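Visitor: return atomic coordinates for the entry below.
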Amino acid sequence: MNRKTELPLYHHYLPSFYQARWVGENGKLRRFSKPYADKFVAKWVSPQVSGGEKRLYTDPSAVPERAQDAETGFMSPLDSAAADALTALEQGDPRMRRDTRMRSAWSRFLMSLMMRMPDHLDTLETGLAEEWARHMPELETAYSKNNRPGDPLTFTEYMETRSPSEMRSWMVAVLPALVDHAPIGELLNNMRWFIRRIQGNAEFLTSDRPIITWYEFTARDSYIILPIGPKAAFCAVNNLETQRRIEERDPEQWVVGLNKSIAGAAKKLVFARDDNMRDFIAEHFGTKQRTTLFEYLLRFQRKKNNEADSTATP
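Guide: Residues are numbered from 1 along each chain as shown. Prediction:
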């Protein structure tokens, strides 16, 4: 079998190792979706064929042998390292406190969940396109100085000869660097990490918006919460006081509140172990959308650009 036929074309935005934490004895988990506003669908699925899209991280401008490099060379190794790190976290492995590589493997995974969903990529692509357009006058000037005989007369004409997929290619190339953003990764590494396990009947859901945070990672009361199975959630905070507040919350109320956020923020999918929360999921699905990290950054960049433009205007 040649390399081309072996390349993975189904790319997980919610990794299979993570989904697998909700599977039952049949090796499947319950997936809920709303393909239409008036239609609610529940289906048993395997983690290997759910929570992804075909060619999601494909570089459309690359040669076929390199088109899946973002998946094979970045996303897949990232997920494998995160799976090992999560096992170590749950086992209380001391390496998670002193081994920077293992700790960073989990931080990188958390960052990826804030950036890798299909609509995250669309927002990133929009932001890149806006910045490209913003610098068009400068690019036109540079092009006019360097174009050669036979080249299009203007940079705009040159761009019209290029494939529309090139912006997508740029986005795919930029994404790994953003996931590996060292200053943010260091902030996450330096937070207090712990796992809260839940007893009784309460169970966590997960979705294509599994992380609960407000992106101000340096704030005193900041937190990151990610369900890692029906009975446990990973938490990261900046101080012992915040940790104790989380640990002292009534378990049932805490889980219900988090599940409302997780189901409420869902774009396409919610996952559970079974059908016990079907009515709850149907009620809350997509009703509490949260600003994504890229939306947050795009708004900030637009505001910054507007302020710069107003200052520059005579």
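Visitor: element containing the residue nearest to F109 when sequence neighbours are not counted?
Guide: Leaving aside its sequence neighbours, F109 sits nearest to A82 (Cβ to Cβ, 6 or more residues apart in numbering; 3.4 Å). In short, each C-beta sits where N, CA and C put it, glycine included. Per DSSP states H and E: A82 is located in helix 76-90.
Visitor: and that helix, what's buried?
Guide: 76, 78-79, 81-83, 85-86, 88-89 (16 or more other Cβ atoms under 10 Å).
Visitor: average pLDDT across that helix?
Guide: Helix 76-90 carries an average pLDDT of 97.
Visitor: C-terminal to that helix, what's the next element?
Guide: Beyond helix 76-90 in the direction of the C-terminus, DSSP H and E gives the next helix or strand as helix 95-98.
Visitor: chain center to the helix ranked longest in the chain, what's the gap?
Guide: If you go by DSSP state H, the chain has its longest helix at helix 293-312. Taking the mean of its C-alpha atoms, helix 293-312 sits 22 Å from the chain's own mean (Cα atoms, centre = their mean, to the nearest Å).
Visitor: kindly export that helix (C-alpha atoms) in CSV.
Guide: C-alpha atoms of helix 293-312 as CSV (Å, rounded to 0.1, in the frame of the first residue of the first chain):
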residue,chain,number,x,y,z
LEU,A,293,-11.0,32.3,21.5
PHE,A,294,-10.6,33.3,17.8
GLU,A,295,-13.8,35.4,18.0
TYR,A,296,-12.4,37.1,21.1
LEU,A,297,-9.1,37.8,19.3
LEU,A,298,-10.8,38.9,16.1
ARG,A,299,-12.9,41.5,17.9
PHE,A,300,-9.8,42.7,19.7
GLN,A,301,-7.8,43.0,16.4
ARG,A,302,-10.7,44.8,14.7
LYS,A,303,-11.0,47.3,17.6
LYS,A,304,-7.2,47.8,17.5
ASN,A,305,-7.3,48.4,13.8
ASN,A,306,-10.2,50.9,14.1
GLU,A,307,-8.4,52.8,16.7
ALA,A,308,-5.2,52.9,14.6
ASP,A,309,-7.2,54.1,11.6
SER,A,310,-8.9,56.8,13.5
THR,A,311,-5.6,58.1,14.9
ALA,A,312,-4.0,58.0,11.4
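Visitor: list of residues touching that helix?
Guide: 114-115, 120, 123-124, 126-127, 130-131, 134, 215, 291 (Cβ atoms under 8 Å, 6 or more residues apart in numbering).
Visitor: in it, which residues are buried?
Guide: Using 16+ other Cβ under 10 Å as the test for burial, helix 293-312 gives 293-296, 298.
Visitor: any idea how far A308 is from the residue nearest to F109?
Guide: 38 Å (Cβ to Cβ, to the nearest Å).
Visitor: likewise S261?
Guide: As judged by Cβ to Cβ, S261 and A308 stand 35 Å apart.
Visitor: and the strands in the stretch 51-200 of the chain?
Guide: 52-54, 192-197 (DSSP state E, counting those that start in this stretch).
Visitor: which other helices and strands does the last one contact?
Guide: Applying 3 or more Cβ pairs under 8 Å, 6 or more residues apart in numbering; DSSP states H and E, we find strand 192-197 packed against helix 76-90, strand 232-237, helix 240-248.
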